[in-house]
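Chemist: My questions are about this predicted structure, shown below with the sequence.
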Amino acid sequence: MEVIVGRRVEGDNTFKVDNSFVSGKHCKVWYDEAEGVVFVEDLNSMNGTYVDGALVKRKRIELEDKILLGGEGGFETTAKSLFEALSAGRSADVQHDGHSIAYLREVYEFVRR
């Protein structure tokens, strides 16, 4: 499983983020089935990719490690959250302030009742 994360990504296996600190095509997170491990790789982003506070280019990570795109003020997630979003069919679900637009729509509909 692989996901490309960024502000201007489209299509399958992508996760779109609405945050000005995040580059158009910011990073890639993938699960290497042969080795049974997860990796994150920065895709030459402008503001960097951080794992548990450390700037990384490519790093083996755990599913729950905090991935911060763009540094302070950027978008924070985990590999687990990204993979769950893909599995739920929200591959290109736009994110704003850490919440998917679909989630915000659900909350709006609930409050409107």
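Modeler: Here it is on my side, so go on. Because the structure is a prediction, the values reported are computed rather than measured. Numbering: from 1, shown residues only.
Chemist: can you give me the helices in this structure?
Modeler: Listed in chain order, the helices of the chain (DSSP state H) span 79-87, 101-112.
Chemist: rank these by mean pLDDT and give me the bottom one.
Modeler: For the helices of the chain, the weakest mean pLDDT is recorded on helix 101-112, namely a mean of 53.
Chemist: For residue 6, see how far away residue 52 is.
Modeler: Separation of residue 52 from residue 6 (Cβ to Cβ, to the nearest Å) stands at 21 Å. For the C-beta atoms, the positions are set from N, CA and C on the backbone; glycine is no exception.
Chemist: so what's residue 23 closest to, chain neighbours aside?
Modeler: Take residue 23 and drop its neighbours on the chain: the residue closest to it by Cβ to Cβ, 6 or more residues apart in numbering is residue 45, 3.9 Å away.
Chemist: what do you get for residue 83?
Modeler: Excluding its sequence neighbours, the residue lying closest to residue 83 (Cβ to Cβ, 6+ apart) is residue 1, at 5.8 Å.
Chemist: Burial check on that neighbour, number of neighbours?
Modeler: Each residue near residue 1 was counted by other Cβ atoms under 10 Å, and the total is 14.
Chemist: wait, what's in contact with it?
Modeler: Remark: with contacts taken as Cβ atoms under 8 Å, 6 or more residues apart in numbering, residue 1 is in contact with 13, 30-31, 83, 86.
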